[in-house]
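Visitor: Structure of the sequence below:
(chains A and B)
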Amino acid sequence: MKFSIQVNEGPYQHQASDSAYQFTKAALEKGHECFRVFFYHDGVLNGTRLTTPPQDDRNIVNNWTELAEKYDLDLVVCVAAAQRRGIVDEGEAERNGKDATNIAPRFRISGLGQLVEAAIQSDRLVVFGD
Amino acid sequence: MSDLHTVNKSPFEKNSLESCLRLSRAGSVILLYEDAVYAALKGTAVENMITSVVGDRKVYVLGPDYKARGLDESRIIDGVEVVDYAGFVDLVDTNDKVQAWV
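Guide: Okay, here's the model as predicted:
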């Protein structure tokens, strides 16, 4: 079955990022397909490579990147939510005159249309967040 | 044809479980995870909310979240079943739609 995942909450906020990650991992391990993971609202904070949690804590951002590398996942960050929260890739840095980027590997910034497409193209859309 | 409803907030914090139970149809499936696992406990002020629906709705609780809160499985309300993440995936797979009561 083809799943898409929506994450509306930042990492380390409550538990939604962890739940979404564990669910996605379990689905992929069972042989299901993940069409897209869409990060919306504070969920875009899952996509900054500058995150540095203590060494004995889980690194949620790296977990997503590693899962994406293993299963070739499409991790999409909502552009409007990202601009508000300072999640920047090279295109956004140039467009908005910023002096740095912080997007994590395997994440990309795009629009809300990607969420609509994910909902249409997938058998199920599972939402995690507050 | 059944729907899966997911609830992730404690019934002592938000009214999302109450909304879910009020608006979900008979035959629906409900999964309690994250802080909503507290609703699966026997002997709380909201126990009746769950016991009143276990007859016509199937209620599950996510075991890893339940255990992470130091709760004992012997205290789960009768009729509520425990699933792991793979079971969560199966619930999404076998029901037609998923409604998150975030």
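Visitor: List the residues that contact the closest residue to B:V46 other than its chain neighbours.
Guide: Leaving aside its sequence neighbours, B:V46 sits nearest to B:P11 (C-beta to C-beta, 6 or more residues apart in numbering or on different chains; 4.6 Å). Where you see a C-beta, it was placed from the backbone N, CA and C, and this is true even at glycine. Applying C-beta atoms under 8 Å, 6 or more residues apart in numbering or on different chains, one finds that B:P11 lies in contact with B:L17, B:E18, B:A36, B:Y38, B:A39, B:V46, B:M49.
Visitor: which residues touch the third one?
Guide: B:A36 makes contact with B:V7, B:N8, B:K9, B:S10, B:P11, B:S16, B:L17, according to C-beta under 8 Å, 6+ apart.
Visitor: Off-centre distance for the biggest helix by length in chain A?
Guide: Assignment by DSSP state H gives helix A:16-29 as the longest helix of chain A. Centroid separation between helix A:16-29 and its chain, computed with C-alpha atoms, centre = their mean, to the nearest Å, is 12 Å.
Visitor: Could you confirm whether it reaches chain B?
Guide: Yes - for helix A:16-29, a contact with chain B is found by C-beta under 8 Å from any C-beta of the partner chain, at A:A16, A:S19, A:Q22, A:F23, A:K25, A:A26, A:A27, A:E29.
Visitor: mind listing what's buried in that helix?
Guide: Neighbour counts over helix A:16-29 (16 or more other C-beta atoms under 10 Å in any protein chain shown) mark A:16-28 as buried.
Visitor: Can you list the strands that the following helix or strand past it pairs with?
Guide: Later in the chain than helix A:16-29, the nearest helix or strand by DSSP states H and E is strand A:33-39. Next to strand A:33-39 in the sheet, as set by DSSP bridges, lie strand A:2-7 (parallel), strand A:75-78 (parallel).
Visitor: List the buried residues in the longest one.
Guide: For strand A:2-7, a neighbour-count test (16+ other C-beta under 10 Å) marks A:F3, A:S4, A:I5, A:Q6, A:V7 as buried.
Visitor: Export the residues you listed as JSON lines, with columns for pLDDT.
Guide: Formatted as JSON lines, the buried residues of strand A:2-7 follow (pLDDT from 0 to 100):
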{"residue": "A:F3", "pLDDT": "98"}
{"residue": "A:S4", "pLDDT": "98"}
{"residue": "A:I5", "pLDDT": "98"}
{"residue": "A:Q6", "pLDDT": "98"}
{"residue": "A:V7", "pLDDT": "98"}
